[in-house]
Structures are given as structure tokens and as C-alpha cells.
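K.L.:
sequence unavailable; structure follows:
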């Protein structure tokens, strides 16, 4: 099966990119240029084939009033188990994709929008051509074929649009969905399953009085990131789960554009995590609250055993500070004053004065009502899965970590290592050997000090207006997952950091990590199996669209 058209403009851009960058990575881009048409390869034998389509739709988000105009993924199974897809009724979210480790998957993606689009399988370790790099965005009416083997361990990932400079708007309009992966190691555990394995996609949105989505206007608002007026769970407002007196597995995804959640119970009950972005943990981790940035996932063990029938437990995002620039937090009470000074203003053109619920405020996420008593329930395992821990002994750049310097400056787009995204460029420090394991340091850049590559100080700390503008950034690396080896504060906002510091899970494997202002985070990341271009970027989607994205060339 092939694409329908051979768009001349896109073809010109692709060939131009090849010519401009051939000195850096000629083989991969020359091969890409020959693949303007997308096709199913004859020697790939899929266990599962799915047809995905993106199109406009009208969906009943609210119980009353008009349906909402959205973008939506729809899908159908062409080959393989029919339970590969779980469709959510009357929902703008795409169907839940259920896969098993070792399966070979082929996806036929049809674009029926009026603009380019591409799907990124966030968290999956797949070849460059199937990763959703924006160079592969297809035009209206075209089709793209993804082919990959599921190499991931059991866990929760998701898929979403990754179109260049349109990711934020397309995800905001609805282009996202969950991925659940299972494997043999998970199947040996007595974890909650079926109706007791519950998805929980967190998003914030703003609507007009006709139930239609409203989005940001103005560069200053985009710099802060979108913050909505309504909290949606699984595509619905005011979510309430009816639960039984037993244990549940709750798969939580932060699918918001830029909102950071501090998950916690109304009554102070601790949270028990059994999984992070890239799968199950080695053993359960108990936290008073859990920080969840855009793109991050956490799997929670919820046990309602012994709770009174008819009682209700409410999950909140608890107040916190330090995730936004200091000026924003002064205006909004540092996230400690409920709705803050501005509250729900609407509009979106107020610059630092964000419409919607201010970042760091306390608000309700969802309630859990005990609706039925049962006697049977699985026990929380002491051990979950085996995870080998990577150390500096495994890396080949122990004393020369790859820097990812985060920069926010007035009147400038946010940047990584002092640069914006370029489709056809990498710099020497972004060239990585296939099969290597690298130490990477992520930090907020201090202006006024020159270092490696002329990109400013390659270390922690903040100064001047750069420090005033500093905000938390969720950094997502495509390709293989990584482990967090250390977190430390080097900047002045220690009081703010104290409001979030107990909520970070450093155990296990991850693909997205929140880096607070003044914080240094070191990670260890393998670059195995696949050559090519793999993105790294801020998962504040407004920042990504503004160019806070770069790419590694693995060769």
C-alpha cells in the first residue's frame, strides 16, 4: 500500500534538507529522501495491523449544550486480536492501544485533516522512520505506514501528534491516546486487571459558552504555556469514579499542554506508585504526593479496602511553587492562594497574567466513590520486576556529560543549548555512537558565562533576567528510555523546591523528567538498536512549538 500523492512542496523541503545537512549524516537523510512515498515493506511480517485515521469530529464533552469541534483519532484492527483497541465512547481521546512485548505492529495512518500531521509513539523504542519525527508529517489526503517491533517492558505510554509548530494546537484539539503494554514478567504478578485497571488522562481546557475550545493568543502567553479553566479526566469534566472495596491499578497520564500536577489525596493518604513512564518499578514506592509534568506517566496502586460504603475520596492537585517564573508566582501568590490573583480571566493575551487556573494552585482532579463492597482483592506485591541499575561505570563519557542547557530570556523563544530547532541540523555534541550509553546533564543555563560551544555556562545556577524568567521544563528524550542518576538544587529557590521535592520518583526507567529552576538533573541513557535522528525537547508543548527542541544523530 502506498501514499496517494507526491506533494511537490514537501518533496522540495525534504531534498533541500538532505543537501544542507549531508555532511553531518548523509546516509540516513539520503535514504529518507528516497522514501518520499510511504509503503508497507514486504519482509516485515506484522502480528498486528491497525488503520488509524485523524479527522475532524463533534464530540459531547458536556452533558448539556452543543457538541465540541475537535480533532480525533479513530482506528480499526485489520489483523490481530480485536481487543488491541479499546474505544472510549463519546470521547475526543483516541482509542487505547493494547500491545504485548515482542509483537510486530504495522499502522496505516490516514490524514483527513486540512493540515499536515504525524503520530509520535511517545515512550516506545522504535526506528527513526516510525518515531513520529516531524520530517515525516503527511499532507491532507496522504497515508503513512509505521512498522515496529514492541521492545518496551510492560507499562503505560501514549501517542500524540508531533507536527512541526502545530503539536500544541493539534494535541489541544484532541490528538492523543493511551498505549498499554504487557509482557510475561507482568503477567506473573497478581496486579489488578480488567475493570480494575483504570486509565486516567489529565488535561486542562478552556471553553466558550457554546462548548467550543478556546486557545492561547499572543507570544507572551505561549511563553508561559497554556493553562485551562477546566480540568478534564479521560476527556470529561467533573470526573467521578465508582469503585469497589478492593485494589485498583490507576494509569495516570499528564496529557496537558503545560500544566504540572501535584497529585495527592484530600485526606493526606500517601500515594503508592508501582510504575513510571517506562514501565513497572522494581518495588512499590510510597510518596506523600507525586509531581507529574506534561508527558509523564505514573501507575498507582489504589486500595479502597475497608472504606465505608458511600464514602468518597478526592484526588487533588496540591498547592506548590517554583514551577513558574518568579514574576508570575508573585502575581499569583506563589501557587498558594487557590485561584490566585487573576483567576479565570479568559482571553489569553495578558502575557504573564495567565487565564485559567494558575500553575501551582490547589484544585480538584477527580473523586472516587465507594459504591460496592467486595471481599476479594489482590495484595500489593513486595517486589514487582527486575531492573538493572545503570551507573557511571556503564557510560563512556563519565567526565564529559552531554549538556542540555535550558534557556528562557525576555523577547526570545525558549532554547536548548542556546539554539532553536532545525530540521536538518545537529551539532557535534549531538552526534552519538550507536550502542553507547551516555551521561547527560540537564540544567538551567546561567547567562554571561561562556563555555563549551559558546552556549553559555555549562553548569547549574541562574543569573540576571535568565534567572527571573526560569521556569520548570519537562524534558522528553525520544528513543530508548533512561534512568535518573541524580537530582540536586544549585540555585536560590530552595523554599519553592521544598514544596515539590518529595514528589519526584527517581527509581525505574523514564523518558520525561521535570527540571526545576536552579536544579541539575543527571540521567544515563542508552542509544541502542536504531540509527537515525531522535528528538529531545521540552514537553511544554507551547515551548516545543516555539523551537525548544533539538535532535541527536545516532550513527
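P.N.:
Done, it's in. Because the structure is predicted, anything quoted here is derived from the model rather than measured. Numbers count the residues shown, from 1 in each chain.
K.L.:
residue 202 contacts residue 235, doesn't it?
P.N.:
No: with contact defined as Cβ atoms under 8 Å, residue 202 does not count as touching residue 235 (10.7 Å). Yep, even glycine has a C-beta here, placed from its N, CA and C like the rest.
K.L.:
so residue 284, which of the three states?
P.N.:
strand (DSSP: H, G, I helix; E, B strand; the rest coil).
K.L.:
which residues touch it?
P.N.:
With contact taken as Cβ atoms under 8 Å, 6 or more residues apart in numbering, residue 284 is in contact with 272-274, 301, 380-382, 384.
K.L.:
repeat that for 10 Å
P.N.:
272-275, 300-301, 380-384, 507 (Cβ atoms under 10 Å, 6 or more residues apart in numbering).
K.L.:
residue 397 now?
P.N.:
Residue 397 neighbours (Cβ under 10 Å, 6+ apart): 432, 436-440.
K.L.:
now do residue 151 against residue 504, distance only.
P.N.:
Residue 151 sits 26 Å away from residue 504 when distances are taken as Cβ to Cβ, to the nearest Å.
K.L.:
for the spatially most central residue of the chain, what is the enclosing helix or strand?
P.N.:
Closest to where the C-alpha atoms of the chain average out (Cα atoms, centre = their mean) is residue 295, at 1.7 Å. Under the criterion DSSP states H and E, no helix or strand holds residue 295.
K.L.:
apart from its chain neighbours, what residue comes closest to it?
P.N.:
residue 539 (3.6 Å; Cβ to Cβ, 6 or more residues apart in numbering).
K.L.:
wait, isn't the one you found in contact with residue 259?
P.N.:
No: the pair residue 539 / residue 259 is not scored as a contact, 11.4 Å apart, by Cβ atoms under 10 Å.
K.L.:
for PyMOL, write a command that selects the buried ones of the contacts of residue 284.
P.N.:
In PyMOL syntax, the buried subset of the contacts of residue 284 is picked out as below (16 or more other Cβ atoms under 10 Å):
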select buried, resi 272+273+274+275+300+301+381+384+507
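K.L.:
can I get the contacts of residue 284 in TSV including secondary structure?
P.N.:
Below are the contacts of residue 284 laid out as TSV (three-state DSSP):
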residue	secondary structure
272	strand
273	strand
274	strand
275	strand
300	strand
301	strand
380	coil
381	coil
382	coil
383	coil
384	coil
507	coil
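K.L.:
returning to what we had before: need the residues touching each of residue 202 and residue 235.
P.N.:
Residues touching both residue 202 and residue 235 (Cβ under 10 Å, 6+ apart) are residue 255.
K.L.:
so where's the stretch 301-450 of the chain uncertain?
P.N.:
Scanning the stretch 301-450 of the chain for pLDDT under 70 picks out the ranges 333-355, 447-450.
K.L.:
do a quick rundown of the helices in it.
P.N.:
326-331 (DSSP state H, counting those that start in this stretch).
K.L.:
now residue 97: how far from residue 124?
P.N.:
For residue 97 relative to residue 124 (Cβ to Cβ), the value is 10 Å.
K.L.:
quick check: neighbours shared by those two?
P.N.:
By Cβ under 10 Å, 6+ apart, residue 97 and residue 124 have these common neighbours: 105, 157-159, 179, 181.
K.L.:
redo the residues you listed as JSON lines? Include distance to residue 365 and secondary structure.
P.N.:
Listed next are these as JSON lines, based on distance: Cβ to Cβ, whole Å; DSSP: H, G, I helix; E, B strand; the rest coil:
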{"residue": "105", "distance to residue 365": "32", "secondary structure": "strand"}
{"residue": "157", "distance to residue 365": "21", "secondary structure": "strand"}
{"residue": "158", "distance to residue 365": "18", "secondary structure": "strand"}
{"residue": "159", "distance to residue 365": "23", "secondary structure": "strand"}
{"residue": "179", "distance to residue 365": "22", "secondary structure": "strand"}
{"residue": "181", "distance to residue 365": "25", "secondary structure": "strand"}
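K.L.:
farthest pair in those?
P.N.:
Taking Cβ to Cβ as the measure, the shared contacts of residue 97 and residue 124 reach their widest spread between 105 and 158, a distance of 15.2 Å.
K.L.:
tell me which of the two has more neighbours.
P.N.:
The neighbour comparison of residue 105 against residue 158 (other Cβ atoms under 10 Å) goes to residue 158, with 27 against 24.
K.L.:
measure that one to residue 122 for me?
P.N.:
Noted for residue 158: a distance of 5 Å to residue 122, by Cβ to Cβ.
K.L.:
thought residue 179 was touching residue 103?
P.N.:
No: contact criterion Cβ under 10 Å: residue 179 and residue 103 do not qualify, at 12.0 Å.
K.L.:
which neighbours do the two have in common?
P.N.:
Joint contacts of residue 179 and residue 103 (Cβ under 10 Å, 6+ apart) are residue 150.
K.L.:
who has more neighbours out of those two?
P.N.:
The neighbour comparison of residue 179 against residue 103 (other Cβ under 10 Å) goes to residue 179, with 22 against 17.
K.L.:
now intersect the contacts of residue 397 with the strands, please.
P.N.:
By the criterion of DSSP state E, membership of those in strands covers 432, 436-440.
K.L.:
overlap in contacts, residue 158 and residue 122.
P.N.:
Taking Cβ under 10 Å, 6+ apart as the contact definition, residue 158 and residue 122 share the neighbouring residues 176, 179, 253, 255, 277, 295, 297.
K.L.:
would a markdown table of these with pLDDT, secondary structure and distance to residue 264 be doable?
P.N.:
Output for the shared contacts of residue 158 and residue 122, formatted as a markdown table (pLDDT from 0 to 100; DSSP: H, G, I helix; E, B strand; the rest coil; distance: Cβ to Cβ, whole Å):
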| residue | pLDDT | secondary structure | distance to residue 264 |
| --- | --- | --- | --- |
| 176 | 98 | strand | 24 |
| 179 | 98 | strand | 26 |
| 253 | 98 | strand | 17 |
| 255 | 98 | coil | 19 |
| 277 | 96 | coil | 20 |
| 295 | 98 | coil | 20 |
| 297 | 98 | strand | 17 |
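K.L.:
buried ones among those?
P.N.:
Going by neighbour count (16+ other Cβ under 10 Å), those have 176, 179, 253, 255, 277, 295, 297 buried.
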